[in-house]
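Undergrad: Kindly generate the corresponding structure for this input.
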Amino acid sequence: MRLREVMSQRPEYVSPGITLKEAASLMKRNNIGMLLVADKDRLLGAITDRDIVVRGIAEGKDPKTTKAKDVMTTKAVCCFDDQEVWEAAQVMEERQVRRLAVLDREKRLVGVVSVGDLAVKTDDESISGEVMRYVAARRNDYMIL
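TA: Now for the predicted structure:
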């Protein structure tokens, strides 16, 4: 099964000029922890709630004036829409992420795929379960108790 069959299409994204406050408000309103950052349909990176806190607020940056481009992760993890679902699952495991930006072969942003998409839309719980086990196990390695 190809990613284009399971991904969420027409992904929402923000411009690199959005402020951290605006990004955080969008995350709160939509109950999400990551926003893709793009210029039209060209992926530039991603900003997470962690980016806002660690690279922004903890560094003393003003969330009302600091832009997403100043704290975003510029190497967003992505796959192509014609790749197999198992390939996306493998990338998620290796990179310890729960979501991937999906690009077409012209490198235009066309979707987002999550572990939830893999679980619900493929009817293959072993794929999503394996990804979540690996991501959760690796994250626990770094947990401070």
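
Undergrad: So, low pLDDT: which residues of the chain?
TA: When residues are selected by pLDDT under 70, those of the chain lie in 122-145.

Undergrad: Next, find the distance separating the most centrally placed residue in it from L109.
TA: Centroid-nearest residue in the chain: R99, 4.4 Å away (criterion: C-alpha atoms, centre = their mean). Look at R99 and L109: by C-beta to C-beta, to the nearest Å, they are 13 Å apart. (Each C-beta comes from the backbone N, C-alpha and C, glycine too.)

Undergrad: ok so, going back, spit out the contact partners of the residue nearest to the centre of the chain.
TA: Contact partners of R99, counting by C-beta atoms under 8 Å, 6 or more residues apart in numbering, are 34, 112-115.

Undergrad: Mind checking which of the residues you listed are buried?
TA: Using 16 or more other C-beta atoms under 10 Å as the burial test, the contacts of R99 include 34, 112-115 as buried.

Undergrad: These in strands, which ones?
TA: 34, 112-114 (DSSP state E).

Undergrad: SS state for the residue nearest to D104 when sequence neighbours are not counted?
TA: Of all residues not flanking D104 in the chain, V110 sits nearest, at 5.0 Å (C-beta to C-beta, 6 or more residues apart in numbering). When classified by DSSP: H, G, I helix; E, B strand; the rest coil, V110 comes out as strand.

Undergrad: quick one: contacts for V110?
TA: Taking C-beta under 8 Å, 6+ apart, one finds 4, 7, 9, 11, 41, 81, 102-104 in contact with V110.
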